[in-house]
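Colleague: only the shape, not the letters, is given here:
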């Protein structure tokens, strides 16, 4: 029988919660080697109980085959794991956008008639700024007459506007570098310039120089009439 | 004290770690090898339950704080936002609010267990005092949390409790002003309560560590109250205590789930679903059930300062219990006289709780005075005298000897009695002489209740054609009409309904705010801009109907509220609204209307209300062939409003069924695992 360290004797002098340095003796616990048992310290029935865990060696021996006890322990443990995992679901999904946020992200419609040629307006959709640029003839030509292959993120202007509406350019006004809002009509290409880290975009919103890796993204949108678009 | 092998890391990494920070060894010696008396009964599992509840409250609280807005203008609606919009928000909030009740329930059982078995006696005095400090911290934290939803009960609880300090002579008023951060309970109060409500649980967690530390120094007491003397008196904490605690925790969680999923508002007050109104105090304000005994003591004293002092003394006196009880024998098992007085004291506490829920008038006050006197007499007279004159029974020679004599039956019945006694005390009573609303046969009642889609659509029609002129539905969005568990409109139908309403648009280029048709994301626009406009128009402020079914109710009284817990009757609000809509009558002889333009109603507290009878036979035409009697219209609109108040009710009951089944199966598995684990211990001496 192991000599127990009982907190009931001389308990007022020593705090037993403090870890006691290991001393030689039968292994008190350890990895339940090659056993499916959840509770390696369970004394085997029929043996005088000794309650401090020195039965490890005995208990593991009995679990080499599948016994009913093993099944019970595995089933209980699995049930607990399933319960704990299920409890995590609400705790994790509560951080996803809630129903009101999703509803507020519904498509918006924008009337294009008040936007003058050469003017860029900013609207918000799903909390993101959207540039709507009524491009001039010169800007359109500049955007089209570019050697696409020479661009960092090659894309023709025609892929960035809607057919027959190439004077209207709709962009998500978020720099593809680290999320700042570029300034319209700035930079060497009369396009957009990001003040944060100096990325330069052309009048098609394509990256031309600076740290940004990609062209300005396009939001999903469509023309509901010649003068009205729906974003989203 | 000689060391014995506790933790010997096998793995090189763990050895390296153990030599530097022996945390694994600490955990091992505290929660694995730690010897625990073998004769502990299930009353000893509440320590584990409490640890779980604290963790649960902290986790759900941190999550709720991500969605809550501590501002007087937004707090109430942000809580409703959690209930309606946040993913599983209703679950998290109900777990948190009912969790507070479960936390207190477990704490009180834990304390009564300590009293019954004398767990506070030498050498466990500090352990006990730390527990009293934990209770005090819980009381403060729970109170501050109750203020945060900023309903009527929140506001008036904050007002009443902070005013306790005004009883202090000279410095009382400055202290109260300092607590408020203003001249009344207001936004600064709410903000600081929020901050402290977030802080204090971590203070509690810190004191819990001390509590466990003190426990592990002195060792656990046990039902026989004799210290372990030999190896066979104790078992290792793991697996023996762990599996037993785990089994009971899951049983306890099943009870918890019963409240969360089926009776989530049973322990609360309807008034707290009315937004805080500093100009109107509710008819009958009552604290949550777990404060009722202390509340009764406060009200029993006819003197302001005296009441406050006695309220404080009722808690503080607990800390002196180790020295007031003079008996050397710990367990009530061997103290027949003490056993009798313990149960008398327990009943006194329950009685105080019941009295605290009653109006402070007439016989209740006298009863509360008697109970208060007995409460203190138990500590100050009975315990000291008992210690001197009681003749204890002979103690067993050891725990092992005692165990072999006993069958080990658990007082499950006592637990159930205690539970119903403690829990059911919270129903507030409404002014007398109002008729009790008749119970209706709602389709949404009971554990499998669902809303009748057709009825919800008819009820919505009634709302639109009758109620809407005066009553808002501000918490409901048009999109809700198309959400599962609701009236079952299609998205297109809901959008078409929305388009019939006008809401303010964004300012245009000239800065003018014009109206635009509402969209799915919009909420129902209010029928009036502010209360003054309503008063000028209707001679009263018609309440918003979003939460009306949860914000109304009536007192069920003893013993019905106990049965309600099992039958899940929680449609008092719906019954009341239906009764009110159909309860107009001519006033009895000799009863005069207090003012012109008020109407007599059998069910309205005070009987005269400004709303004229709204419904009559055939007032509305139904297209589905239902006969539009006044009663049918009232049933339909009430069902619609019940859904509007709790749009996720169907999801709640569905998930609840799954959770309860899971917990029962899990509890069964744990029970058999526990049997296996304990088999050898129970078979041998």
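Modeller: Great, that's in hand. Quantities reported herein were computed from a predicted structural model and do not represent experimental measurements.
Colleague: helix, strand, or coil at residue B:221?
Modeller: coil (DSSP: H, G, I helix; E, B strand; the rest coil).
Colleague: tally up the residues packed near it, please.
Modeller: 24 (other C-beta atoms under 10 Å in any protein chain shown). All C-beta spots, glycine's among them, are computed from the backbone N, C-alpha and C.
Colleague: could you find the closest non-adjacent residue to it?
Modeller: Closest residue in space to residue B:221, ignoring its immediate chain neighbours: residue B:119 at 4.1 Å, by C-beta to C-beta, 6 or more residues apart in numbering or on different chains.
Colleague: any idea how far the one you found lies from chain A?
Modeller: 14 Å (C-beta to the nearest C-beta, to the nearest Å).
Colleague: pLDDT value on that residue, please?
Modeller: Residue B:119 carries a pLDDT score of 97 in this model.
Colleague: residue B:136 now?
Modeller: Looking at residue B:136, its pLDDT is 97.
Colleague: how about it, nearest residue that isn't a chain neighbour?
Modeller: residue B:315 (6.0 Å).
Colleague: secondary structure class for the one you found?
Modeller: helix.
Colleague: need the distance between the two termini of stretch B:315-331.
Modeller: With C-alpha to C-alpha, to the nearest Å as the measure, stretch B:315-331 spans 23 Å from end to end.
Colleague: repeat for stretch A:196-209
Modeller: OK, stretch A:196-209 end separation, C-alpha to C-alpha: 14 Å.
Colleague: just how off-centre is that stretch within its chain?
Modeller: For stretch A:196-209, the distance from its own C-alpha centre to the chain's C-alpha centre is 27 Å (C-alpha atoms, centre = their mean, to the nearest Å).
Colleague: buried stuff in it?
Modeller: A:199-208 (16 or more other C-beta atoms under 10 Å in any protein chain shown).
Colleague: circling back: pLDDT score for the residue nearest to residue B:136?
Modeller: The model reports residue B:315 with a pLDDT of 97.
Colleague: and residue B:9, which of the three is it?
Modeller: coil.
Colleague: would you agree the residue nearest to residue B:221 is in contact with residue B:222?
Modeller: No: if you go by C-beta atoms under 8 Å, residue B:119 and residue B:222 don't touch, sitting 9.0 Å apart.
Colleague: look at residue B:683 and report its pLDDT.
Modeller: The per-residue pLDDT reported for residue B:683 equals 68.
Colleague: distance of the spatially most central residue of chain A relative to chain B?
Modeller: Closest to where the C-alpha atoms of chain A average out (C-alpha atoms, centre = their mean) is residue A:96, at 10.2 Å. Going from residue A:96 to chain B by C-beta to the nearest C-beta gives 6 Å.
Colleague: surely that residue touches residue B:87?
Modeller: Yes: under the criterion of C-beta under 8 Å, residue A:96 makes contact with residue B:87 at 5.7 Å.
Colleague: pLDDT below threshold where in chain A?
Modeller: Applying pLDDT under 70 to chain A flags the ranges A:1-69.
Colleague: mind listing the strands for it?
Modeller: A:108-111, A:120-125, A:128-134, A:168-172, A:183-186, A:191-193, A:200-201, A:207-209, A:221-225, A:228-231 (DSSP state E).
Colleague: now those in JSON lines, with distance to residue A:154?
Modeller: As requested, the strands of chain A are exported to JSON lines (distance: least, C-beta to C-beta, whole Å):
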{"stretch": "strand A:108-111", "distance to residue A:154": "29"}
{"stretch": "strand A:120-125", "distance to residue A:154": "24"}
{"stretch": "strand A:128-134", "distance to residue A:154": "21"}
{"stretch": "strand A:168-172", "distance to residue A:154": "17"}
{"stretch": "strand A:183-186", "distance to residue A:154": "23"}
{"stretch": "strand A:191-193", "distance to residue A:154": "16"}
{"stretch": "strand A:200-201", "distance to residue A:154": "14"}
{"stretch": "strand A:207-209", "distance to residue A:154": "10"}
{"stretch": "strand A:221-225", "distance to residue A:154": "23"}
{"stretch": "strand A:228-231", "distance to residue A:154": "26"}
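Colleague: is it possible to get TSV of the ones you listed that adds distance to chain B?
Modeller: Converted to TSV, those look like this (distance: least, C-beta to the nearest C-beta, whole Å):
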stretch	distance to chain B
strand A:108-111	10
strand A:120-125	10
strand A:128-134	15
strand A:168-172	19
strand A:183-186	19
strand A:191-193	24
strand A:200-201	28
strand A:207-209	32
strand A:221-225	16
strand A:228-231	13
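Colleague: buried deepest among the ones you listed, which one?
Modeller: Burial of those is given as mean neighbour count (mean count of other C-beta atoms under 10 Å in any protein chain shown); strand A:191-193 ranks first at a mean of 25.
Colleague: from the contact counts, what lies against it?
Modeller: Applying 3 or more C-beta pairs under 8 Å, 6 or more residues apart in numbering or on different chains; DSSP states H and E, we find strand A:191-193 packed against strand A:183-186, strand A:200-201.
Colleague: of these, which is nearest residue B:603?
Modeller: Closest approach to residue B:603 among these (C-beta to C-beta): strand A:183-186, 64.5 Å.
Colleague: show me what contacts the nearest residue to residue B:188 once chain neighbours are set aside?
Modeller: Nearest residue to residue B:188 in three dimensions, chain neighbours excluded: residue B:181, at 3.1 Å (C-beta to C-beta, 6+ apart). By C-beta atoms under 8 Å, 6 or more residues apart in numbering or on different chains, the contact set of residue B:181 is B:188-189, B:191-192.
Colleague: give me the phi and psi for residue B:181.
Modeller: When read as degrees, to the nearest 10, the backbone of residue B:181 gives phi 70, psi 30.
Colleague: put together a markdown table for the helices and strands packed on strand A:191-193, with distance to residue B:456 on each row.
Modeller: Below are the helices and strands packed on strand A:191-193 laid out as a markdown table (distance: least, C-beta to C-beta, whole Å):
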| stretch | distance to residue B:456 |
| --- | --- |
| strand A:183-186 | 50 |
| strand A:200-201 | 52 |
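Colleague: hey, where'd the helices end up in the stretch 351-500 of chain B?
Modeller: B:363-377, B:383-389, B:399-405, B:412-423, B:453-465, B:491-499 (DSSP state H, counting those that start in this stretch).
Colleague: returning to that earlier point: and the contacts of residue B:181, which is closest to residue B:106?
Modeller: residue B:192 (28.3 Å).
Colleague: residue B:207 versus the closest one, what's the distance?
Modeller: 21 Å (C-beta to C-beta, to the nearest Å).
Colleague: do the same with residue B:153
Modeller: Plainly put, residue B:153 is 28 Å away from residue B:207 if you go by C-beta to C-beta.
Colleague: for chain B, what helix or strand is lowest in average pLDDT?
Modeller: When each helix and strand of chain B is scored by mean pLDDT, DSSP states H and E, helix B:412-423 comes last, with a mean of 56.
Colleague: quick one, longest helix in chain A?
Modeller: helix A:68-93 (DSSP state H).
Colleague: residues of it that come out buried?
Modeller: Of all the residues in helix A:68-93, those buried under the rule 16+ other C-beta under 10 Å are A:69-70, A:72-73, A:75-77, A:79-80, A:83, A:90.
Colleague: what's the local residue count around residue B:126?
Modeller: 17.
Colleague: which ones are touching it?
Modeller: residue B:214.
Colleague: confirm it sits in a strand?
Modeller: No: remark: residue B:126 does not belong to a strand; assigned using three-state DSSP, it is helix.
Colleague: contacting residues around residue 202?
Modeller: No chain in the question, so chain A it is. Applying C-beta under 8 Å, 6+ apart, the residues near residue A:202 are A:142-143, A:146, A:189-191, A:208.
Colleague: actually it's chain B I care about, not the one you picked
Modeller: Applying C-beta under 8 Å, 6+ apart, we find residue B:202 in contact with residue B:58.
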